[in-house]
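Novice: Need a 3D model of the sequence below.
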Amino acid sequence: MKMFDNRAQRTCRYCRVRKQRCDKALPKCSRCASKLVKCDYTEDRPTVAASAAGFTQPQPLAFVQDSCHLDLTSAGERQLLWAACNSHEQYSSMVESQSSLTALVRNVLNTGHDSFTGVSNAYFGNAHGWLPILNQIHVSAKAKVLDGSTETSDDAFALLFLSMYILNQPLCGHPNQVNNTLCRATRRFVFILETHTRASLLLRLQAGLLFAAHECGHAMFNEASSTLAFCLSLVRQLDLMATQETDSGFEEDNFEADRDLCWFCVILIDRAIVFSSVDYTHSLLIPSSQYLPLHALPKIAQVDYTAMSAVDRFKARTKSAMLIGDTMARVKDDLWSTDDAAAEELLHDFIHRHAASAKGVSHRIESTSRHRRS
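Specialist: Sure thing, here's the model as predicted:
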């Protein structure tokens, strides 16, 4: 009778990689036991079929979760984070299989049967009406360029389109939709993406503001507060860079207007966070108009109530938000306890003055937040 041979059928992975003799003992070979390393006898199987040249098909970066919203796989999250951290490098000098952040975002959108142009059209057809901080002509043209050529790369724009995509998504009722892996990764990109020009810094700021609006609109007030604080540092950095030489191909008029709209957005989201938080634990980043740069103050006061375009309504909401902040600054003690009557009287005074400046023109000012508390 043949006795049972307590040996593995193949060499362990540790010995196989080092091309050393293996005694194939179970549960561990003598070499792995002496080295105190894991002894693995499983066969090396490629995750995907390899071609004769040695190239393998990439793992999926994203998937459609619950048949309604897009999310990243663990491999997709790692690759996008790696690309965001190295966006300032020359990709040609890196690992050949590594793609730019733009290429990876294009892949992710394609998984959800979407495109840069599709994201742009959805944003300007909906969210732009109440958050008009992007230049529609500029962004739409860039979306067509990125869709038209897979060789074109602009990581700052790719980040902006990710934030636009997240803001476009309607609530579906499934858990973790508003803070899934794609959302968490995009928030990291806002903080870590390196930008060295005014144009790319402005795009990064706009992406951060759109994402802060997403967080505030879904009652993620702690996250929104920290994201907005970072955006405030970016817009102040833009103010410091305003006196420097104009970026090549970047129009000065567009820069000034877009920067001012970013300031307005900071003010509105700042108030939305503070007044939507039920525990009043958040303080205003810009308490009153005294904390604004001089170039932004006249723009807030200039509201054309006869035209009332999306930008005019945006300015009107900003002006109202600043009046509320100025009212709070006039109250010395706790607004929510002893001085309610004084604060209310001041607020009514500001509202009457604001209404009088409209010269009797009827207009509608939309809400800045999609979150509604019960």
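Novice: Could you verify that Phe63 is part of a strand?
Specialist: Yes - secondary structure of Phe63 (DSSP: H, G, I helix; E, B strand; the rest coil): part of a strand.
Novice: Check what pLDDT it gets.
Specialist: pLDDT for Phe63: 87.
Novice: what about Arg317, distance to Val311?
Specialist: 11 Å (Cβ to Cβ, to the nearest Å). Glycine gets a C-beta too; all of them are placed from N, C-alpha and C.
Novice: Do a quick rundown of the strands in the stretch 51-200 of the chain.
Specialist: 62-65, 69-72 (DSSP state E, counting those that start in this stretch).
Novice: Can you say which of those strands is packed in most?
Specialist: Neighbour counts (mean count of other Cβ atoms under 10 Å) averaged over each of the strands of the stretch 51-200 of the chain peak at strand 69-72, with a mean of 22.
Novice: Direction included, what does that one pair up with?
Specialist: Paired with strand 69-72 in the same sheet, following DSSP bridges, are strand 62-65 (antiparallel).
Novice: Can you report how many residues neighbour Cys22?
Specialist: Each residue near Cys22 was counted by other Cβ atoms under 10 Å, and the total is 21.
Novice: List the residues that contact it.
Specialist: Contact analysis of Cys22 by Cβ atoms under 8 Å, 6 or more residues apart in numbering lists 11-12, 15-16, 29, 31.
Novice: Of these, which belong to helices?
Specialist: 15-16, 31 (DSSP state H).
Novice: Turn those residues into CSV, columns for pLDDT and distance to Thr42.
Specialist: Converted to CSV, the ones in helices among the contacts of Cys22 look like this (pLDDT from 0 to 100; distance: Cβ to Cβ, whole Å):
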residue, pLDDT, distance to Thr42
Cys15, 86, 13
Arg16, 84, 11
Arg31, 88, 17
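Novice: who does the longest helix along the chain touch, helix- and strand-wise?
Specialist: Looking across the chain with DSSP H, the single longest helix is helix 252-276. Contact here means 3 or more Cβ pairs under 8 Å, 6 or more residues apart in numbering; DSSP states H and E; on that basis helix 252-276 packs against helix 198-217, helix 221-241, helix 297-301, helix 310-330.
Novice: swap the cut-off to 10 Å and go again
Specialist: Applying 3 or more Cβ pairs under 10 Å, 6 or more residues apart in numbering; DSSP states H and E, we find helix 252-276 packed against helix 136-148, helix 198-217, helix 221-241, helix 297-301, helix 310-330.
Novice: can you tell me which of the strands of the stretch 51-200 of the chain comes nearest to Gly325?
Specialist: Of all the strands of the stretch 51-200 of the chain, it is strand 69-72 that lies closest to Gly325, at 35.4 Å by Cβ to Cβ.
Novice: Quick check: which ranges of the stretch 151-300 of the chain have low pLDDT?
Specialist: Judged by pLDDT under 70, the stretch 151-300 of the chain has its weakly predicted residues at 172-177, 244-253, 278-280, 300.
Novice: again, only this time at 50
Specialist: 248-250 (pLDDT under 50).
Novice: Between the contacts of Cys22, which sits nearest Ser163?
Specialist: Arg16 (46.3 Å).
Novice: Quick one: classify the closest residue in space to the closest one that isn't next to it in sequence as helix, strand or coil.
Specialist: Of all residues not flanking Arg16 in the chain, Cys22 sits nearest, at 7.3 Å (Cβ to Cβ, 6 or more residues apart in numbering). Following three-state DSSP, we place Cys22 in the coil state.
Novice: Does Ala25 touch Asn6 like I think?
Specialist: Yes - between Ala25 and Asn6 there is a contact under Cβ atoms under 10 Å: 7.5 Å.
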